[in-house]
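Student: here is a sequence with its predicted model. Questions after.
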Amino acid sequence: MKGAISSGMAAIVVLLVGLSVGVLVYAGSTMLAVTPRAAVTYDGEFDDGALPTDGSFVNDFSEYIDCNITDDYLGGSDYTSCVYRTQVTPGNASNSTSVYFALMLDIDNPVQDMEIQGDLQSTGTCKPNDDMTVKNVEVWTHEDNPRLVASINTPDTDEIDGNTGPLMGGEYVFTVEIRYGGIQPDCVAGDDILKLQFDLTTSGDADAARVLLESK
């Protein structure tokens, strides 16, 4: 009787060992069959900047100097190659109103981040950093039905400072609202209003953009 029990137990043990080995072999083959996800290469760079043509973005600025890449800077490091001017000269008559700026930025490949900074200026006849504020800073996809990519919380201040996080290659639209307060004295043609800086975290070359908004 004892021998029969021992033989039965031995058979059960052999069966369990066989099942365990089978499960391990199947699991191992399944793991080997999984294709690892390719690592993202962050080597994107700026290809171009222009007024958006897709979507229903509001723009109260016109192109004054077309965006060009100089020494790996879109717009040049001195803000001279990507300039937009207001369509109406800011002054006392335009107090308590807002103007809107939208800029398409073309990035050719993925980037790890895009840092956005901006400062209202005080170098001309008018003093935007005293009489204007910026708000509602956003980044959208550039398409007929744009999708919001990033929103930078900028509640009525004189500067912009924020990040988008990772971006795939493609065309994006930066938007900002500029609110006029009591402008004294009025602006004159060529007065600097807002300087914008866009910096990519990438191994690409053209990793920075410098854009200037001026008064008409």
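Tutor: All right, it came through fine. Numbering: from 1, shown residues only.
Student: tell me, what residue is most central in the protein?
Tutor: The centroid of the chain falls nearest to residue 164 when counting by Cα atoms, centre = their mean (4.3 Å).
Student: and that one, how far from residue 141?
Tutor: Distance check for residue 164 against residue 141: by Cβ to Cβ, to the nearest Å, it reads 12 Å. (Glycine included, C-beta is placed from N, CA and C.)
Student: swap in residue 198?
Tutor: Distance from residue 198 to residue 141, by Cβ to Cβ: 16 Å.
Student: which one of these two has more residues nearby?
Tutor: Higher neighbour count among residue 198 and residue 141: residue 198, with 25 against 18, using other Cβ atoms under 10 Å.
Student: so what's the residue nearest to the more buried one when sequence neighbours are not counted bridging to?
Tutor: Nearest non-adjacent residue to residue 198, counting by Cβ to Cβ, 6 or more residues apart in numbering: residue 209, 4.0 Å away. On the basis of DSSP bridges, residue 209 takes part in beta bridges with residue 74, residue 198.
Student: per-residue pLDDT of residue 209, please?
Tutor: Looking at residue 209, its pLDDT is 98.
Student: cool, and the one 5 residues further on?
Tutor: The pLDDT attached to residue 214 in the predicted structure is 98.
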